[in-house]
Structures are given as structure tokens and as C-alpha cells.
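A.B. asks: Next one to model:
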Amino acid sequence: MMSPAVLEWIITSVHLLLAIGATGHIVLHKRDPRAAIGWIGLVWLTPVVGSAMYVFLGVNRIRRRAGELRRGRVDAGISPTGSHRV
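C.D. replies: Numbering: from 1, shown residues only. Prediction:
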């Protein structure tokens, strides 16, 4: 069994790594400063849970997926409106 000090050190290390990674992603991808500040506060003030919440709720997968689909249509010669290019 691990001692409480070792377990505390492990949890703290995991929290710091997750918080730093999430903060970097937030700063680079969030356009609204209010949303970014809120997410950064949540990530740093709630160990591990805040980072998990950001991964599941804060990352905009719909916009990213739409961009991927749009790029695929452009690569296939179809304009974003659905008509073919001549």
C-alpha cells in the first residue's frame, strides 16, 4: 500500500500536468476571453475534475468536425454550398 505522502504527490503531479495541458489548449483555441478565463479557473481550482470537464464539455468538436468535412468537400472539388466547381 502507498503512503499518503506518495499518493498526494502523484495526484498533485497528475493535476499539474493536466492543468498545464488544458490551459495551453484553452489559451490557443478559445476565442471568447470570458469563456477562457472561466475554463482556466475551473481547471486550476478543481484538481483533475476540472481538466476532465474541459475535455468532455469545453472542446468544440462540432466546429472541428464541420471544418474537417468542409475541407474534405473542398479537396473533392465540391464548394461549401454543395455545387460542383467547373
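A.B. asks: The closest residue to Thr46 other than its chain neighbours is in what secondary structure piece?
C.D. replies: Nearest residue to Thr46 in three dimensions, chain neighbours excluded: Met53, at 7.6 Å (C-beta to C-beta, 6 or more residues apart in numbering). (Glycine included, C-beta is placed from N, CA and C.) Taking DSSP states H and E as the criterion, Met53 maps to helix 49-53.
A.B. asks: and what of Arg65?
C.D. replies: helix 61-75.
A.B. asks: where does the protein have low pLDDT?
C.D. replies: 63-64, 73-86 (pLDDT under 70).
A.B. asks: repeat that for 50
C.D. replies: Applying pLDDT under 50 to the chain flags residues 86.
A.B. asks: So which residue is smack in the middle of it?
C.D. replies: Computing the C-alpha centroid of the chain and ranking residues by C-alpha atoms, centre = their mean puts Val59 first, at 4.1 Å.
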